[in-house]
Structures are given as structure tokens and as C-alpha cells.
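1. All I have is the shape, not the residue letters:
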């Protein structure tokens, strides 16, 4: 066994359980001061972004018809995040057994074009909640 110091983690201890081999964590309580500071930073950032929402929306709506592929891709991702409240998502490492995704990690198998140009999304989001 080993002792690690990581001042950026929110867990106090971890172990690998012996049935499925999943890593389990001992976390601080949600009412703890450390969680409160972390949450406050997120809420402060969200409050500061509020002043820019309309400007961001105008930009991504314009970029949806851009001649540059990366601008259209970014605009599409921002549209999905904004209108469908999708999380951005990130690449998962091979050690992560959960196939949870967000907007930027959606794959072809998560998207279906239905009748009438309707888009059907089917994937596991944060905490393995089906979207």
C-alpha cells in the first residue's frame, strides 16, 4: 500500500474493492468547507458568464453557417450544450470502465436522425444517467 499527497483531489482515501475491482473513495461530506469553496468557484464562474450569454449565442448561431469546418463543429457543440443542457464531456482513459459521454465525446452510435429531421440522442451521461 502507499500514501499519496494530492492537494487537488477531493477524496481522502481510496481502495480497490474485491468483487468487481472498482476503485472506491472516501470523500469529504457535502457540507464540508472544501466542497463549499469548490462549488463557490463554479457558481462564481457561471455568474460571470451570464453577462456574455447573448454574445456567445449570436456568435455560435452565425458560425453554424461558416465555411470553416472547425467553426461549424464548435458552433454545433455550443448549440447542443446551450439548448439541451449537455455537459461538455471529455476523452476517457482506458482505465475508466464507464462509457459515459458528453457533447464533445458523442459518437455515431449515440445519434440517430429520425423522421422530420429530428435528432435522437441515446447515451450515458454523468453518473451513468441515460440521456
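-> Okay, I see it. Quick caveat: nothing in here was measured; it's all calculated off a predicted structure. Residues are numbered from 1 along each chain as shown.
2. Residue 123: neighbouring residues, count only.
-> Counted with other Cβ atoms under 10 Å, the neighbours of residue 123 add up to 19. (Glycine included, C-beta is placed from N, CA and C.)
3. Run the chain-centre distance for the longest helix that the chain contains.
-> Across the chain, the longest stretch assigned as helix under DSSP state H is helix 33-50. Here the centre of helix 33-50 is set off from its chain's centre by 16 Å, with Cα atoms, centre = their mean, to the nearest Å.
4. Averaged pLDDT, it. What do you get?
-> Mean per-residue pLDDT for helix 33-50: 80.
5. same deal with stretch 74-91?
-> Here the average pLDDT along stretch 74-91 is 89.
6. Make residue 1 into 21 and carry on from there
-> Let's use 21 as the start, then, which means that last one is stretch 94-111.
7. Not counting that stretch itself, show me its contacts.
-> Residues from elsewhere that reach stretch 94-111, judged by Cβ atoms under 8 Å, 6 or more residues apart in numbering: 76-77, 79-84, 86, 121-126, 141, 145-146, 151.
8. Got a quick PyMOL command for the buried subset of those residues?
-> Only the buried entries of the contacts of stretch 94-111 go into this PyMOL selection, using 16 or more other Cβ atoms under 10 Å:
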select buried, resi 80+83+121+122+123+124+125+126+141+145+151
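9. Remind me what the next helix or strand after the longest helix of the chain packs against, helices and strands.
-> Counting by DSSP states H and E, the next helix or strand C-terminal to helix 53-70 is helix 73-83. Applying 3 or more Cβ pairs under 8 Å, 6 or more residues apart in numbering; DSSP states H and E, one finds that helix 73-83 contacts helix 89-104.
10. which parts of the helix it packs on are buried?
-> Buried residues in helix 89-104, counting neighbours by 16+ other Cβ under 10 Å, are found at 91, 94-95, 97-101.
11. try stretch 129-148
-> Those would be 141, 143, 145, for stretch 129-148 by 16+ other Cβ under 10 Å.
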